[in-house]
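Peer 1: Build me a structure from this.
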Amino acid sequence: MIKLAKREEQIMQVFWDLNKAFIRDIIPLLPDPKPHYNSVATIVKILEEKGFLNRETIGNMHCFFPVIQREEYQQFALKDVVSQYFDNSYPRMLAFFAKEQKLTEKELDEIVNMIKKDSK
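Peer 2: Here you go, the predicted structure:
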């Protein structure tokens, strides 16, 4: 998997939310300034070539849908961040965010309990 450019990620977020859409359907859901239809069409084509999207032809139009799921990309992107900024250390990353967000002891306990619950 490869890291997506900012606009590619924005477009994928919309496809992940909608699950299936025509290009004209996603443009209103993108952040301002809204890109031109042709720009979005070009990026969608690139995402298709990269293996993130596939299409279904309906009449003479293409309906696109994600091939890579949001969770798969989240895992990839998080591993990339941990590798680049935290020396492959998840504890360092968590400590950084806990400190930056000024998490309370209660909030940290909640996080630990969530992890324990999910690991059962």
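Peer 1: SS state for residue 72?
Peer 2: Counting by DSSP: H, G, I helix; E, B strand; the rest coil, the backbone at residue 72 sits in helix.
Peer 1: give me every residue that touches it.
Peer 2: residue 1 (CB atoms under 8 Å, 6 or more residues apart in numbering). Using the backbone N, CA and C atoms, a C-beta is placed for each residue, glycine as well.
Peer 1: now swap in residue 2 and tell me
Peer 2: residue 50 are the contacts of residue 2 under CB under 8 Å, 6+ apart.
Peer 1: low-confidence ranges in the chain?
Peer 2: The model of the chain has pLDDT under 70 over residues 120.
Peer 1: give me that answer again for 50
Peer 2: Applying pLDDT under 50 to the chain picks out no residues at all.
Peer 1: Do a quick rundown of the strands in it.
Peer 2: 53-58, 61-66 (DSSP state E).
Peer 1: Would you format those as JSON lines with mean neighbour count and distance to residue 108 included?
Peer 2: Shown next, in JSON lines, are the strands of the chain (neighbours: other CB atoms under 10 Å; distance: least, CB to CB, whole Å):
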{"stretch": "strand 53-58", "mean neighbour count": "13", "distance to residue 108": "39"}
{"stretch": "strand 61-66", "mean neighbour count": "17", "distance to residue 108": "34"}
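Peer 1: So for residue 36, which of those strands sits nearest?
Peer 2: strand 61-66 (17.5 Å; CB to CB).
Peer 1: Against which helices or strands is the closest one packed?
Peer 2: Packed against strand 61-66, as judged by 3 or more CB pairs under 8 Å, 6 or more residues apart in numbering; DSSP states H and E, are the following elements: helix 6-18, strand 53-58.
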